[in-house]
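Undergrad: The following comprises the amino acid sequence and a computationally predicted model.
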Amino acid sequence: MCKTLSKRLLTVALATGMSISGAQAASLPDTMIWTAYDVGSQGHSEASAIADAFGKASGTRIRIQPSGSAIGRLQPLVSGRADYAFLATESFFASEGVYDFSERRWGPQDLRAVAGRPSTFGVPTAADADIETLEDLKGKRVAYTAGNPSVQVKCDAILAFAGLDRSDVDIVMFPTHKASMSSLVEDRADATCTTTTASQLYELAESPRGIHWVDIPADDEEGWKRMNEVAPVFQPFKETIGAGLSESSPANMLAYRYPIIVATADKSEDEVYEVIKALDENYDLYKDATAAIQRWRVSDAGTPPIDIPFHDGAIRYLEEKGIWTDEMQEWNDARVARLETLKNAWSTTLEEGEGMDEEAFKALWKEKRQAALSK
């Protein structure tokens, strides 16, 4: 919405005694579609709480479209059938054109972050599985989610931390994130990799099996080196929020950003500005909805590093709030430049790879991608 109309709304609000937040909220689209993880997941719960807050403040109607796969969350966004997506590390993969996004129909996607809250990720196990260390995962049943590189790469990285890979454990592949999370309480797996507040984990904690979080030692330099060779986007974090966790019973995990509210780069700058503004100004309406949702403060969720560049509309609001710095802009510019480099390399690959079968095309893209990044 144009600045002139926004100013008019503000003038009307002041003249009639309406709240400033009410004037702001009226600038949001009347309806929106968001994608998120499965029902019961942390991402879906937080998307629902934020959508409800937007609805209460402005009457905006938001439909949450859940999907257990990265492709299922991204396809509606890039095709224009969804306005925003609550994503995890798949936003990084999609912008880089790796894993599932190295296929000819995908390639590097021009995505932008609206905001993304700090989150943690670890290894919950059934307490009766006797898994005390990451090395103890060897030979155990570990639940993975099919078609979800965001979760899979974190699991692979955690295994690498312990000097293990998939061949060292009994991989049990489930079709959805929800099924993977439920597998422990159903005794179909012994461990999995996930965030700490999925509803199924609270069920596990209350079940006869019980819950235990495997320690990822912050001081194991060699372990972190092996992990970051798989995916260089993680750092240590001591978590106290989640199933089986508290201030007196924390666990060492890895930190990243999840959920990330993602838009396409061509999304209206004014609309994205209004969305992050609503996220900030309506914070009190959703901040108590889940255990970790208070980390959506824009002073935390609106700062890099993050998986993809920030949208110009978000940056405009963050600048107005005094949060965005010159150093953050330098980071964002470099991230955009990297994405543009990959998009150019992808165009070259499409031309040279015309007529190749899918496997040969992926091999060509891997070569072109590495060559482009090395420059």
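TA: Perfect, I can see it now.
Undergrad: which intervals of this structure have sub-threshold pLDDT?
TA: Applying pLDDT under 70 to the chain flags the ranges 1-26.
Undergrad: okay, which residue is most central for it?
TA: Centroid check for the chain by CA atoms, centre = their mean gives residue 88 as the closest residue, at 1.9 Å.
Undergrad: Next one: it relative to residue 75, how far apart?
TA: 16 Å (CB to CB, to the nearest Å). Using the backbone N, CA and C atoms, a C-beta is placed for each residue, glycine as well.
Undergrad: what sits against the residue nearest to the centre of the chain?
TA: The neighbours of residue 88, taking CB atoms under 8 Å, 6 or more residues apart in numbering as the test, are 37, 43, 150, 151, 256, 257, 258, 259, 260.
Undergrad: try 10 Å
TA: With contact taken as CB atoms under 10 Å, 6 or more residues apart in numbering, residue 88 is in contact with 37, 41-43, 70, 73, 116, 119, 121, 148-151, 154, 177, 195, 256-260, 262, 307.
Undergrad: now, which of those residues lie within helices?
TA: Using DSSP state H, 42, 43, 70, 73, 149, 150, 151, 154, 177 are the members of these that sit in helices.
Undergrad: what's the closest of the residues you listed to residue 369?
TA: For those, the closest approach to residue 369 (CB to CB) belongs to residue 149, at 15.6 Å.
Undergrad: Can you report how many residues lie near the closest residue to residue 99 other than its chain neighbours?
TA: Take residue 99 and drop its neighbours on the chain: the residue closest to it by CB to CB, 6 or more residues apart in numbering is residue 149, 3.7 Å away. By other CB atoms under 10 Å, 23 other residues sit near residue 149.
Undergrad: What residues are bridge-paired with the nearest residue to residue 169 once chain neighbours are set aside?
TA: Closest residue to residue 169 apart from its sequence neighbours, by CB to CB, 6+ apart: residue 142 at 4.6 Å. Beta-bridge pairing for residue 142 (DSSP bridges): residue 171, residue 191.
Undergrad: residues in contact with residue 142?
TA: 123, 125, 131, 155, 158-159, 164, 166, 168-173, 180, 183, 189-193.
Undergrad: What subset of these is buried?
TA: Buried by 16 or more other CB atoms under 10 Å: 123, 125, 131, 155, 158-159, 164, 168-169, 172, 180, 183, 189-193, out of the contacts of residue 142.
Undergrad: Mind checking which of those residues land in helices?
TA: Using DSSP H, 155, 158, 159, 180 are the members of those that sit in helices.
Undergrad: from those residues, which two are the most distant?
TA: Once CB to CB is applied, these give 159 and 180 as the farthest pair, at 15.5 Å.
Undergrad: coming back round to it: is it possible to export the ones in helices among the contacts of residue 88 to a markdown table including distance to residue 292?
TA: Below are those laid out as a markdown table (distance: CB to CB, whole Å):
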| residue | distance to residue 292 |
| --- | --- |
| 42 | 7 |
| 43 | 11 |
| 70 | 21 |
| 73 | 20 |
| 149 | 23 |
| 150 | 18 |
| 151 | 17 |
| 154 | 17 |
| 177 | 17 |
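Undergrad: List buried residues within those residues.
TA: Applying a neighbour-count criterion of 16+ other CB under 10 Å, the buried members of the ones in helices among the contacts of residue 88 are 42, 43, 70, 73, 149, 150, 151, 154, 177.
Undergrad: just the residues you listed now: which is nearest residue 270?
TA: residue 73 (24.8 Å).
Undergrad: What residues are bridge-paired with the residue nearest to the closest one when sequence neighbours are not counted?
TA: Leaving aside its chain neighbours, residue 73 sits nearest to residue 35 (4.3 Å; criterion: CB to CB, 6+ apart). Under DSSP bridges, the beta-bridge partners of residue 35 are residue 65, residue 85.
Undergrad: quick one: contacts for residue 35?
TA: Applying CB under 10 Å, 6+ apart, we find residue 35 in contact with 43-44, 47, 63-67, 72-77, 81-87, 262.
Undergrad: So residue 262 versus residue 234, what's the distance?
TA: Using CB to CB, one gets 19 Å for the distance from residue 262 to residue 234.
Undergrad: between these two, which one's more packed in?
TA: It is residue 262, of residue 262 and residue 234, that has more neighbours when counted by other CB under 10 Å, with 31 against 22.
Undergrad: Tell me the spacing between that one and residue 310.
TA: Separation of residue 262 from residue 310 (CB to CB): 11 Å.
Undergrad: Much appreciated, bye for now.
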